[in-house]
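Novice: Everything below, folded, please.
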Amino acid sequence: MQELAILVIVVLVALAFDFTNGFHDTANAMAPSVATGALKPKVAVALSASLNLVGAMLSIEVARTVGSGIVDLTGVDGESLMLIVLCGLTGAIIWNVLTWLFGLPSSSSHSLFGGLIGATIAALGVTGVLWGGVAQKILIPALLAPIIAGLVAFTGTWLVHKVTRRISTRTEQRGFRWGQIGAASLMSLAHGTNDAQKTMGVIFLALVAHGSLDPDADMPLWIRIVCALAIAAGTYMGGWRVIRTLGKGIVDISPRQGMSADFSSASIILTSSHLGLPLSTTHVASGSVIGSGMARTDATVRWSVARKMLLAWVVTLPAAGAVGAVSFLVADLFGHLVGSIVITAVLIVACAAMWLRSRGSHVDHANVGAEWDAMPKEERKEAKRERKKAIDRELSTVASGIAPVAKPRKRRGGKGGA
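Specialist: Numbering: from 1, shown residues only. Predicted structure coming up:
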């Protein structure tokens with residue numbers, strides 16, 4: 001009975017992660033289309049949610065990778081393994097919501113893997129992690145994916161601009177709008193084939209730990225359906241803060257650029273899904289946007305924003321891993337069942353606190369496409385210095401108008417003076 005209760009908690013928290021994955025990664029597919037006005041914000045997220053749902057049902061190759069090859073299951077009892085999975089999910093969700101709060105397009109995939117690795121190390125030591133699988137299936141794709149995506153998008157954008165350089169702005173807006181919609185739709189489908197699979201793999205792992213499934217069994221249909229619905233529901237929520245950063249913060253996206261970036265991302269993600277690689281769609285989409293922006297001579301990439309994103313990418317694995325490890329150590333103090341309940345309660349409180357904090361700088365469909373007004377640090381310092389100089393000049397002017405003018409004193413002659 002206790003094992004069943006823990007299993008139910010793990011499945012529910014896994015679906016919650018799937019939901020955060022959806023709203024955190026909506027930007028990967030729809031940020032360019034929203035930024036250029038090819039799609040209205042609410043239409044964009046509805047279309048993306050529908051195609052995520054379809055994509056999640058098309059393939060399970062990535063789910064097989066996540067369900068095996070990361071954690072060494074040898075000699076681990078069922079309850080301990082389910083607790084490891086729960087604490088890994090806790091690290092992933094907290095990092096997802098935190099980066100959403102700051103509008104940073106970080107990787108939901110890496111937050112999940114980081115959380116699982118951290119919880120595994122806390123429970124079993126470093127030997128509990130299959131480091132060869134981590135390097136092959138996580139680290140190497142993480143390094144190569146944004147670079148390849150950036151190069152493909154750079155080449156595609158350069159070619160499109162070369163071929164269509166003489167068309168009018170009006171023709172560009174009308175003609176490439178449909179190209180963008182098609183590319184964004186394909187990207188949404190690709191996202192479903194890759195990201196929804198990760199939660200399927202986690203739930204499958206929990207069921208194997210419980211003893212409900214054999215490790216070599218096929219993926220049950222009900223897991224595919226509930227995971228597809230969860231990520232589609234999260235996608236429909238919008239994730240507006242991340243959409244704004246990816247669509248407006250890095251570079252001002254043109255229709256031709258947006259179409260090239262989306263086609264580049266979709267082709268790479270669909271290929272990785274076919275090969276069973278749990279690729280970070282965020283890394284791919286961000287690399288495509290930056291690469292397409294660099295191909296335009298009239299576009300300026302905001303490298304200050306890109307540096308923040310890169311920092312979030314680097315920190316994701318260890319940060320989520322640290323939360324996963326601490327979660328396991330805390331849960332282990334209370335025993336498996338009570339510890340599971342305590343960690344789940346802490347997770348709910350932490351997410352609620354971050355959501356309340358987000359209300360102070362609200363971003364939704366109404367202002368997601370507003371012009372990006374964030375300045376790099378150097379420009380902010382320069383603007384601050386100019387404001388200070390202007391204030392000093394005003395104070396000097398006021399002081400000179402108020403202060404009495406001193407009359408020159410008559411020179412008195414000294415001894416022997418005239």
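
Novice: What are the buried residues along stretch 124-134?
Specialist: Judged by neighbour count using 16 or more other C-beta atoms under 10 Å, the buried positions of stretch 124-134 are 124, 128-130, 134. The way it works is simple: take the backbone N, C-alpha and C, and place the C-beta from them, glycine included.

Novice: what's the first-to-last distance across that stretch?
Specialist: 16 Å (C-alpha to C-alpha, to the nearest Å).

Novice: quick one on the thing from earlier: can I get the buried residues of stretch 124-134 in a markdown table with distance to Val314?
Specialist: Output for these, formatted as a markdown table (distance: C-beta to C-beta, whole Å):
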| residue | distance to Val314 |
| --- | --- |
| Leu124 | 25 |
| Gly128 | 24 |
| Val129 | 19 |
| Leu130 | 22 |
| Val134 | 16 |
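
Novice: Specify which member of these is nearest to Ala29.
Specialist: Using C-beta to C-beta, Val134 is the member of the buried residues of stretch 124-134 that lies nearest Ala29, at 27.1 Å.

Novice: Report the separation between the closest one and Ala35.
Specialist: As judged by C-beta to C-beta, to the nearest Å, Val134 and Ala35 stand 35 Å apart.

Novice: Leaving out sequence neighbours, find the closest residue to Ile269.
Specialist: Ala190 (3.9 Å; C-beta to C-beta, 6 or more residues apart in numbering).

Novice: pLDDT score assigned to the one you found?
Specialist: Ala190 is assigned 78 on the pLDDT scale.

Novice: What is the burial count for it?
Specialist: Look at Ala190: counted by other C-beta atoms under 10 Å, it has 29 neighbours.

Novice: Do I have it right that it meets Phe263?
Specialist: No - using C-beta atoms under 8 Å, Ala190 makes no contact with Phe263, being 10.4 Å away.

Novice: Now stretch 181-190: buried residues?
Specialist: Burial within stretch 181-190, assessed by neighbour count using 16+ other C-beta under 10 Å, is assigned to 181, 183-190.

Novice: same check, this time on stretch 91-101
Specialist: Going by 16+ other C-beta under 10 Å, stretch 91-101 has these buried residues: 91-101.

Novice: Quick check: which helices or strands does the helix or strand where Val152 lies pack against?
Specialist: Per DSSP states H and E, Val152 falls inside helix 140-163. If contacts are counted by 3 or more C-beta pairs under 8 Å, 6 or more residues apart in numbering; DSSP states H and E, helix 140-163 sits against helix 255-275, helix 281-294.

Novice: In JSON lines, list the ones you listed along with distance to Ala233 and mean pLDDT.
Specialist: Formatted as JSON lines, those follow (distance: least, C-beta to C-beta, whole Å; pLDDT from 0 to 100):
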{"stretch": "helix 255-275", "distance to Ala233": "21", "mean pLDDT": "78"}
{"stretch": "helix 281-294", "distance to Ala233": "18", "mean pLDDT": "78"}
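
Novice: so of those helices, which one's packed in deepest?
Specialist: Compared across the helices and strands packed on helix 140-163, helix 281-294 shows the largest average neighbour count, a mean of 29 (mean count of other C-beta atoms under 10 Å).

Novice: now that helix, how far from the chain's geometric center?
Specialist: Its chain's C-alpha centre and that of helix 281-294 lie 13 Å apart, by C-alpha atoms, centre = their mean, to the nearest Å.

Novice: and the next helix or strand along the chain from that helix, what does it pack onto?
Specialist: Remark: after helix 281-294, the chain's next helix or strand is helix 303-334, criterion DSSP H and E. Counting contacts by 3+ C-beta pairs under 8 Å, 6+ apart, helix 303-334 packs against helix 78-101, helix 108-124, helix 281-294, helix 336-358.

Novice: that older thread, looking at the helices and strands packed on helix 140-163, which is nearest to Gly22?
Specialist: Relative to Gly22, the nearest member of the helices and strands packed on helix 140-163 by C-beta to C-beta is helix 281-294, separated by 11.4 Å.

Novice: Show me what that closest one packs onto, helices and strands only.
Specialist: helix 2-36, helix 108-124, helix 140-163, helix 169-210, helix 255-275, helix 303-334.

Novice: got the CA positions of it in CSV?
Specialist: As requested, C-alpha coordinates have been extracted for helix 281-294 and formatted as CSV (Å, rounded to 0.1, in the frame of the first residue of the first chain):
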residue,chain,number,x,y,z
THR,A,281,14.7,22.0,-27.8
THR,A,282,15.5,25.2,-25.9
HIS,A,283,19.2,25.0,-26.9
VAL,A,284,18.2,24.3,-30.5
ALA,A,285,15.7,27.1,-30.8
SER,A,286,18.0,29.7,-29.1
GLY,A,287,20.9,28.7,-31.4
SER,A,288,18.7,29.0,-34.4
VAL,A,289,17.5,32.5,-33.4
ILE,A,290,21.0,33.7,-32.7
GLY,A,291,22.3,32.2,-36.0
SER,A,292,19.6,33.7,-38.1
GLY,A,293,20.2,37.1,-36.4
MET,A,294,23.9,37.0,-37.2
